[in-house]
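> only geometry, no sequence info:
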Ligand code: ATP
Ligand code: MG
Ligand code: MG
Ligand code: MG
């Protein structure tokens, strides 16, 4: 098929390499080891941050790539939407082109427009573009230049819309390179808009204290979701209907055939479809993470399938993405060992857990209330809490006890609140926030010491990619050995 996801991806890369002399740079790992400001790589520009900030010399003036991105935390967290719509994933591929101090707004818009209308064959009447409306509070002006560029390209005024900072001032995280952007939307026959491409004009840095400072050079940073574009070009309503997801969905259907009530064909029940979408989405994310050397520290949250299902889905993901990201093939054996290990320990954990709950309820009958809580360490944490408060005798849950439940035992805040309520205690929330901040800044300093000098030691031909994979490999091997 002409619009196979593979072709959609290569058309993008070939266009920028062949027509506009961009250099292809491979995707970095999803682990941002050189950057503590984001939990995972969340955009194509992450690996180029040092270039934008003037800390790394650019390896070329124009770059193009398809980047593995994960949005499950931090500023662009999409975890809670995933499964509920057809176009947000935890893991997705971002197609992007970059100018490092070379071309700027006019050329960037022109190149994007020509690609969409030319090689991808989209119709201008189905596209809407936005530009930054300005933000007086930030001291930022309306991007009239961008609006006029779209006009001069021939986009009808009714298809050009102004929009505020939340959509049209792009930032990767709490700090870092940022700037006004222009987004390109697709309008379907029902008038629904889906964002497909974002072109960011990087010209500021968001400092630690929240202020914006101008960068010495202006850069272009664009990102288009491969899954969304593929759905569009394959004329299907959701990303899950594309060739990127269908083999995985089919595999899930096949594997769940014998487990009623889960056995059903995709598309017949909204609740189960949602679950299928999540499973398909998460299996891609887990596989990519494992192939990049992410090692699960706790087994309870992700691995809830039995019978080798996730291990099997790893193969489906590797079939689909391995040609583009060979690490999925290279790390197959290790990744599947980890998945199987996690599945088995989860199964054991469940058996253990039942017994632990029984014992705990015998000792503290009030915890019957918490039966809905799925935390493997709940019993240990609760016992610790009980011991601490009988020694303390105050009517307030002390900050260090809250912190220990949160940090050591991994209790979410709402569970700690329920425990406090059940035991008629108020909580020292202020004290807890202080401890949390101290902890975070300690972590940040330690990280900085570990990674300082990384940007400086890069020579122009070595991208962060290589450094990052070196580093995780050795860390991960150590961890596996310890297990
Ligand atoms: P949205 O407004 O739809 O959440 P966004 O503005 O947060 O998207 P950007 O940060 O601009 O997204 O990222 C660039 C492109 O990456 C988007 O235009 C979209 O095509 C794609 N994209 C963003 N988030 C996701 C996601 N969670 N899953 C799949 N594709 C995504
Ligand atoms: Mg978003
Ligand atoms: Mg958006
Ligand atoms: Mg956007």
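Yes, it's here. Since we're looking at a predicted model, the values are computed, not measured. Ligands and ions are numbered 1, 2, ... in the order given.

> hang on, residue 17 packs against residue 25?
No - using Cβ atoms under 8 Å, residue 17 makes no contact with residue 25, being 10.7 Å away. Any C-beta I mention is one placed from the backbone N, CA and C, and that applies to glycine too.

> counting neighbours, go ahead and name the busier of those two.
Taking neighbours as other Cβ atoms under 10 Å, residue 17 and residue 25 compare with residue 25 leading, 21 against 17.

> buried ones in the longest helix anywhere in the chain?
Counting by DSSP state H, the longest helix found in the chain is helix 332-363. Neighbour counts over helix 332-363 (16 or more other Cβ atoms under 10 Å) mark 332, 335-336, 338-339, 342-343, 345-346, 349, 353, 356-357, 360 as buried.

> for it, name the packing helices and strands.
Applying 3 or more Cβ pairs under 8 Å, 6 or more residues apart in numbering; DSSP states H and E, we find helix 332-363 packed against helix 270-291, helix 309-321, helix 378-392.

> list the residues that contact both of residue 17 and residue 25?
Common contacts of residue 17 and residue 25 (Cβ atoms under 8 Å, 6 or more residues apart in numbering): residue 64.

> secondary structure element holding residue 96?
strand 91-99 (DSSP states H and E).

> try residue 12
helix 5-14.

> gap between that helix and the chain center?
Here helix 5-14 is found 22 Å from its chain centre; the criterion is Cα atoms, centre = their mean, to the nearest Å.

> that helix to helix 309-321, inter-axis angle?
On the basis of axes from the mean of the first three to the mean of the last three Cα atoms, to 10 degrees, helix 5-14 is oriented at 50 degrees to helix 309-321.

> next SSE after helix 5-14?
By DSSP H and E, the next helix or strand past helix 5-14 is helix 20.

> spit out the contact partners of the residue of the chain found nearest ligand 4.
Per Cβ to the ion, residue 198 is where the chain lies closest to ligand 4, at 3.6 Å. Residue 198 sits next to 170, 181, 182, 183, 184, 222, 223, 224 when contact means Cβ under 8 Å, 6+ apart.

> go on, residue 170?
178, 179, 180, 181, 198, 200, 221.

> whatever helix or strand the last one lives in pairs with which strands, parallel or anti?
Using DSSP H and E, residue 221 sits in strand 212-225. The sheet places strand 212-225 alongside strand 91-99 (antiparallel), strand 193-206 (antiparallel), with pairing taken from DSSP bridges.

> and the stretch 101-250 of the chain, which residues reach ligand 4?
183, 198 (Cβ under 5 Å from the ion).

> which bits of the stretch 101-250 of the chain sit near ligand 1?
Proximity of the stretch 101-250 of the chain to ligand 1 (Cβ under 6 Å from any ligand atom) is limited to residues 195, 196, 197, 198, 223, 224, 225, 227, 228.

> so residue 167, which state does it fall into?
helix (DSSP: H, G, I helix; E, B strand; the rest coil).

> now do residue 296
coil.

> do the same with residue 65
strand.

> that one and residue 48, how far apart?
9 Å (Cβ to Cβ, to the nearest Å).

> count of residues packed around residue 329?
Counted with other Cβ under 10 Å, residue 329 comes out at 14.

> would you pull up the residue in the stretch 251-400 of the chain closest to ligand 1?
residue 281 (8.8 Å; Cβ to the nearest ligand atom).

> who are the contact partners of that residue?
Here residue 281 is in contact with 82, 83, 89, 90, 91 (criterion: Cβ under 8 Å, 6+ apart).

> how about residue 150?
By Cβ under 8 Å, 6+ apart, the neighbours of residue 150 are 109, 129, 131, 160, 182.

> that one - that's part of a helix, no?
Yes - assessed with three-state DSSP, residue 150 lies in a helix.

> start at 50, not 1
Sounds good: first residue 50 from here, last item residue 199.

> the strand holding residue 145 near ligand 4 anywhere?
No - on the criterion Cβ under 5 Å from the ion, strand 140-148 is out of touch with ligand 4, staying 10.6 Å away.

> ok, then the element right after that strand?
helix 154-166.

> could you measure from the residue of the chain positioned farthest from its centre over to residue 466?
Distance from the C-alpha centroid of the chain, by Cα atoms, centre = their mean, peaks at residue 442 (43.8 Å). Distance from residue 442 to residue 466, counting by Cβ to Cβ: 21 Å.

> what number of residues lie near residue 155?
Counted with other Cβ under 10 Å, residue 155 comes out at 14.

> contacts only, for it.
residue 198.

> repeat that for residue 245.
233, 234, 235, 273, 274, 277, 278, 281.

> same thing with residue 377?
Taking Cβ under 8 Å, 6+ apart as the test, what residue 377 contacts is 336, 337, 340, 366, 367, 370, 371.

> what does residue 147 give?
71, 93, 94, 97, 111, 112, 113, 268, 269, 270, 271.

> before we move on, back to that, farthest-separated two in the contacts of residue 219?
227 and 247 (12.3 Å; Cβ to Cβ).

> closest one to ligand 3 among the helices and strands packed on helix 381-412?
Taking the helices and strands packed on helix 381-412 one by one with Cβ to the ion, helix 319-340 is closest: 18.8 Å.

> average pLDDT across the closest one?
Mean pLDDT, helix 319-340: 92.

> list the buried residues in that helix.
Buried, per 16+ other Cβ under 10 Å, within helix 319-340: 321-322, 325-326, 328-340.

> same check on stretch 96-106?
For stretch 96-106, by 16+ other Cβ under 10 Å, it's 96, 97, 98, 99, 100, 101, 105.

> pLDDT added to these, as TSV?
Below are the buried residues of stretch 96-106 laid out as TSV (pLDDT from 0 to 100):
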residue	pLDDT
96	94
97	95
98	94
99	93
100	95
101	96
105	91
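
> narrow the residues you listed to those in helices?
Those of the buried residues of stretch 96-106 lying in helices (DSSP H): 98, 99, 100, 101.

> quick check, nearest of these to residue 79?
The closest of these, once distances to residue 79 are taken by Cβ to Cβ, is residue 98, at 15.1 Å.

> mind checking how far that closest one is from ligand 1?
From residue 98 across to ligand 1, the span is 15 Å (Cβ to the nearest ligand atom, to the nearest Å).

> for residue 165, same thing?
13 Å.

> please apply the same query to residue 262.
22 Å.

> what is the burial count for the closest residue to that residue other than its chain neighbours?
Spatial nearest neighbour of residue 262, excluding adjacent residues (Cβ to Cβ, 6 or more residues apart in numbering): residue 254 at 5.3 Å. Close neighbours of residue 254, defined as other Cβ under 10 Å, add up to 19.

> over to residue 430?
So residue 430, with other Cβ under 10 Å, has 21 neighbours.

> was I right about it contacting residue 460?
Yes - using Cβ under 8 Å, residue 430 is in contact with residue 460, at 5.8 Å.

> between the two, what contacts are shared?
424, 454.

> find the closest residue to ligand 1 in the stretch 250-399 of the chain.
residue 274 (2.7 Å).

> so what's that residue up against?
Here residue 274 is in contact with 136, 141, 142, 143, 144, 245 (Cβ under 8 Å, 6+ apart).

> what's the answer for residue 246, then?
161, 165, 232, 233, 271, 272, 273, 278.

> relative to the one helix or strand the third one maps to, what are the paired strands and their orientations?
Pointing back at residue 232 there. Using DSSP H and E, the element containing residue 232 is strand 225-236. Paired neighbours of strand 225-236 in the sheet (DSSP bridges): strand 176-181 (antiparallel), strand 218-220 (antiparallel), strand 242-255 (antiparallel).
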